[in-house]
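Novice: Let me see the structure of the following:
(one chain, ligands or ions: 1)
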Amino acid sequence: MPGKENSRRHAVVIGASIAGLCAARVLSDSYSQVSVYERDELPGTAANRATVPQDRHLHMLMARGAMEFEELFPGLLKDMVAAGVPILENRPDCIHLGAAGHVLGTGQTLRDEFTAYVPSRPHLEWQIRKRVQAIGNVAIQRRSVAEPAFDPLRRRVTGVLLDPADPPGDPEFVSADFIVDAAGRGTRLPVWLTQWGYPRPTEQTLDIGINYATHYFRIPDGLIQERVVVAGASHDQSLGLGMLCYEDGTWVLTTFGVADAKPPTTFGDMVALADQLLPSHFADALAQAEPVGEPAFHAFPASKWRRYDKLDSFPAGILPLGDAVVSFNPTFGQGMTMTALQAGHLRRALRSGADDVVAEVNRATAKTTFPVWTMNAIGDTSFHHARTEQMPWWWRPSGALFDQFLGAAESESVLAEWFLRRFSLLDSLYMVPPPRIIGRAIAHNMRMWLRQRRERRGAAVTALRSP
Ligand SMILES: Cc1cc2nc3c(=O)[nH]c(=O)nc-3n(C[C@H](O)[C@H](O)[C@H](O)COP(=O)(O)OP(=O)(O)OC[C@H]3O[C@@H](n4cnc5c(N)ncnc54)[C@H](O)[C@@H]3O)c2cc1C
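Specialist: Numbers count the residues shown, from 1 in each chain. Got it, this is the predicted structure:
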């Protein structure tokens, strides 16, 4: 039996959202019984949930995320497509990708295989939930966890106390050998740690001040061939948007502002912003859009990374997972994918019989989080006016170089494809171009510069010759 784990009889998961469901799936292979406690009512269909307010807003599933979820839930992708989820298979014309003020030339060509799926967030969660509900040794119950129980002598968490008030039920202690805290960004684990005599994890934060406003709409089929439309904010444009077509044929239009900028609040104004940020063929189509339902709003003040990996002491028997550890700038669309990666770390640690599963997963999570967090931080401080206390000197020059790179990728399809793949977290989590790609970007920018210089000279000569 692994050293820091007790036994593998009973595991408890707090929260049945993306992280909790992935954790339950993984734990079910190693524990005799898995109990998932969720404070929210769980719908029997793909529907919005009260305690996951972000599910009304655009959720992009990264191509890498689709692969990770399929590893955990074999057959998921096939079933999603059968249910009408759009699939983009090597179709560059299905993607309009604007990043930091540059519209990338992905429409021209894709040389390598590229497959992406576009489920709505409630649909993805429901697909995963029904798979977890079907696992024989997993039980999902509607109960809120008041707090984990800690044994100071054994320096380990021994179970959870269920809240008698929410929803009403008996106060109850549930004994467990292992607990996964998948309660999301609002988890109280840092507070519990101090109550148990441990240090709080340090928090890396990026104050980004994002405000979301979302509306759903319908348009006649065939008016827009793109299925993924992104126009990110830039240094000079603090508003951006995303638009996706979901499994039931409805479209979601999410507009957002960075650095506390306020996005539009009515559908008409959201469409007006889209007209401003997107090529004109979108405006023609959106003129025929019919709004569905009411607008939804969400504020996301800061990205946050709790450094559990840096703590010298940590109680045995409890592991934070998902947004409870790190919540990324949502406009980059990485949270669910990074959560699935964390679940993969847990699976590998359990399978390998790691001596200290918690430390092993915390370490692995830090390793996969670092490149993505760092690139986001460089992008957010360079292009989105984000503020942070810890800003290494090399972020600004890296941002400036990246701006050059994206400029070249506007008209160089190999660069655009490289960016699309890394943006989708494929190939590597590091957004660091290899020398071959850097050389291509420099050569392209040089050619463009020489051409512009020739054109300027030609224009000057023509002006001199004209009477
Ligand atoms: C506006 C917005 C847009 C986003 N867009 C994207 C995107 O495009 N792509 C992407 O990949 N990611 C996106 N994300 C991130 C994504 O939503 C999260 O990364 C993902 O939901 C994983 O979260 P989680 O399961 O850790 O936590 P959550 O989804 O927050 O779920 C936590 C769960 O725990 C339950 N819970 C909490 N406390 C208790 C308790 N005491 N007892 C019982 N249950 C409890 C809650 O009810 C909830 O169900 C976005 C986030 C936001 C805010």
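
Novice: Not counting residues beside it along the chain, what's closest to the residue of the stretch 151-300 of the chain found nearest the ligand?
Specialist: Closest contact between the stretch 151-300 of the chain and the ligand, by CB to the nearest ligand atom, is at Gly184 (2.7 Å). (C-beta placed from N, C-alpha, C; glycine too.) Excluding the flanking residues, the one nearest Gly184 by CB to CB, 6 or more residues apart in numbering is Asp323, at 4.7 Å.

Novice: Which residues are in contact with that neighbour?
Specialist: Taking CB atoms under 8 Å, 6 or more residues apart in numbering, we find Asp323 in contact with Ala19, Gly184, Arg185, Gly335, Thr339.

Novice: Out of those residues, name the ones that lie in strands.
Specialist: Residues of the contacts of Asp323 located in strands (DSSP state E): none.

Novice: Out of the residues you listed, name the two that are farthest from one another.
Specialist: The distance between the two most remote of these (CB to CB) is 11.6 Å, for Arg185 and Thr339.

Novice: Looking at the two, which one has more neighbours?
Specialist: Thr339 (29 against 15; other CB atoms under 10 Å).

Novice: what sits against the spatially closest residue to that one that is not a sequence neighbour?
Specialist: For Thr339, ignoring the flanking residues on the chain, the nearest one in space by CB to CB, 6+ apart is Gly322 at 4.3 Å. By CB under 8 Å, 6+ apart, the residues touching Gly322 are Gly15, Ser17, Ile18, Ala19, Gly20, Cys22, Ala23, Ala182, Gly184, Gly335, Thr339, Gln342.

Novice: Can I get those residues in a markdown table including pLDDT?
Specialist: As requested, the contacts of Gly322 are exported to a markdown table (pLDDT from 0 to 100):
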| residue | pLDDT |
| --- | --- |
| Gly15 | 98 |
| Ser17 | 98 |
| Ile18 | 98 |
| Ala19 | 98 |
| Gly20 | 98 |
| Cys22 | 98 |
| Ala23 | 98 |
| Ala182 | 98 |
| Gly184 | 98 |
| Gly335 | 98 |
| Thr339 | 98 |
| Gln342 | 98 |
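
Novice: Give me the buried subset of the residues you listed.
Specialist: By neighbour count, with 16 or more other CB atoms under 10 Å, the contacts of Gly322 hold Gly15, Ser17, Ile18, Ala19, Gly20, Cys22, Ala23, Ala182, Gly184, Gly335, Thr339, Gln342 as buried.

Novice: which residues does the residue nearest to the second one when sequence neighbours are not counted contact?
Specialist: Ranked by CB to CB, 6+ apart and with sequence neighbours excluded, the top spatial neighbour of Ser17 is Val52, at 5.6 Å. If you count contacts by CB under 8 Å, 6+ apart, Val52 has them with Ser17, Asp40, Arg121, Glu125, Gly184.

Novice: how close does Ala366 get to the ligand?
Specialist: Distance from Ala366 to the ligand, counting by CB to the nearest ligand atom, to the nearest Å: 16 Å.
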